[in-house]
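Asker: what follows is a predicted structure for the sequence shown.
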Amino acid sequence: MEKQDKAHYKAKADYSLYTGKELPFTWAELSEKAKKNDLADIQIGDYKIIVLSNQEEVYMEIAGINTYVGYGEIPLGTHIDFISRDCLKKRYAYNLKPTNSGGYVCSHLNMVLQTEILPLIPAKIQQLIVNKRGLVECKLGSKATAWSWQNLGKLWLPTEAEVWGCGIFCEKPWGYGLPVQYPIFHGTALHIVKRLGVGGDRYNWWTSSTADGSPENFCHVGRFGLPNQNPAMKEFGIPICFRIA
């Protein structure tokens, strides 16, 4: 490969690729489209750029349209789920102690998402985001023993199964309560591999799944695009994920 070609390849490889178009609709219009199940002119991979109050730009991609319609104790209606193309620039630990007890719902990271990161999103978008509810593992020791319906918050992380379409390191069987793979992750690693900030380096990023047989580890996506698990005190990337309905 010629030197110039190598430089061109490196420049391209340093940035994330997009498979959809930038959406021409306002967030309010997208919310109305979700409510009316109006899918005209929107598709998986289409995106909108939001600017957080700290001036960080985030590309929010449509990860799923009606992915969980009919799901839940009360059947979920029509909805659009967004997952950012890349992670935020800052890295986060799951917990400040070496434990995964209580899972995602009881974690320090969930608290950070709801109380520190959600307020960074423009208020007009926050008002349109709805809580995600799902069946998640009940984890107190090294093995989960049941599952229960829980509110995951307005911001959340996908489960291992929602990323890969199956469980690898997650609880078995209790980690399969949110089992539907988001279409944006199907058949390609392109959107599974994420970076620290737009154009940043590829980086590990957390899912919401606890690791089976471990009292400390959570499941994550490795920077090379592979499933893995690591201790809760590790600092990894997190995408912004939310639902409009």
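Answerer: On my side now, so go ahead.

Asker: phi, psi of Asn228?
Answerer: In terms of degrees, to the nearest 10, the main-chain angles of Asn228 are phi -160, psi 180.

Asker: next up, the contacts around it.
Answerer: Asn228 makes contact with Phe169, Asn204, Cys219, His220, Val221, Gly222, according to C-beta atoms under 8 Å, 6 or more residues apart in numbering. All C-beta atoms are positioned from the backbone trio N, CA, C, and that covers glycine.

Asker: nearest to Arg91, of the residues you listed?
Answerer: Asn204 (8.8 Å; C-beta to C-beta).

Asker: ok, the residue nearest to the closest one when sequence neighbours are not counted to Lys143 distance?
Answerer: Setting aside the residues directly before and after it, Asn204 is nearest to Phe236 in space (C-beta to C-beta, 6 or more residues apart in numbering), at 4.4 Å. Separation of Phe236 from Lys143 (C-beta to C-beta, to the nearest Å): 23 Å.

Asker: same check, this time on Asn228
Answerer: Taking C-beta to C-beta, one finds Asn228 at 19 Å from Lys143.

Asker: got a list of what Lys194 touches?
Answerer: Ser16, Ser84, Arg85, Asp86, Cys87, Arg202, Tyr203, Trp205, Val221, Gly237, Pro239.

Asker: circling back to that earlier point, how many neighbouring residues does the residue nearest to Asn204 have?
Answerer: 23 (other C-beta atoms under 10 Å).

Asker: cool, the one 5 residues further on as well?
Answerer: Other residues within reach of Cys241, judged by other C-beta under 10 Å, total 23.

Asker: so who does it touch?
Answerer: Contacts of Cys241 (C-beta under 8 Å, 6+ apart): Ala63, Asp81, Phe82, Ile83, Ser84, Leu155, Trp156, Leu157, Pro158.

Asker: is it in a bridge, and if so with what?
Answerer: Beta-bridge partners recorded for Cys241 (DSSP bridges): Ile83.

Asker: per-residue pLDDT of it, please?
Answerer: Cys241 is assigned 98 on the pLDDT scale.

Asker: just Tyr18 next, same as before
Answerer: Confidence score, pLDDT, at Tyr18: 86.

Asker: residues near it, how many?
Answerer: Counted with other C-beta under 10 Å, Tyr18 comes out at 15.

Asker: you'd agree it is in a helix?
Answerer: No - judged by DSSP: H, G, I helix; E, B strand; the rest coil, Tyr18 forms no part of a helix; its state is coil.

Asker: in this structure it contacts Met60, no?
Answerer: No - judged on C-beta atoms under 8 Å, Tyr18 makes no contact with Met60 at a distance of 11.5 Å.

Asker: spell out, range by range, the strands that occur in the protein.
Answerer: Under the criterion DSSP state E, the chain contains strands at 47-51, 57-65, 80-84, 92-93, 129-130, 132-139, 144-153, 205-210, 217-221, 227-231, 235-236, 241-244.

Asker: can you list contacts of the fourth one?
Answerer: So that's strand 92-93. His108, Leu109, Val112, Trp206, Ala232, Met233, Lys234, Glu235, Phe236, Gly237, Ile238.

Asker: same check on the third one?
Answerer: Contact partners of strand 80-84, identified using C-beta under 8 Å, 6+ apart, comprise 30, 33-34, 42, 48, 58-68, 132, 158, 182, 184, 191, 194, 239-245.

Asker: same question for that strand, mean pLDDT?
Answerer: Strand 80-84 carries an average pLDDT of 98.
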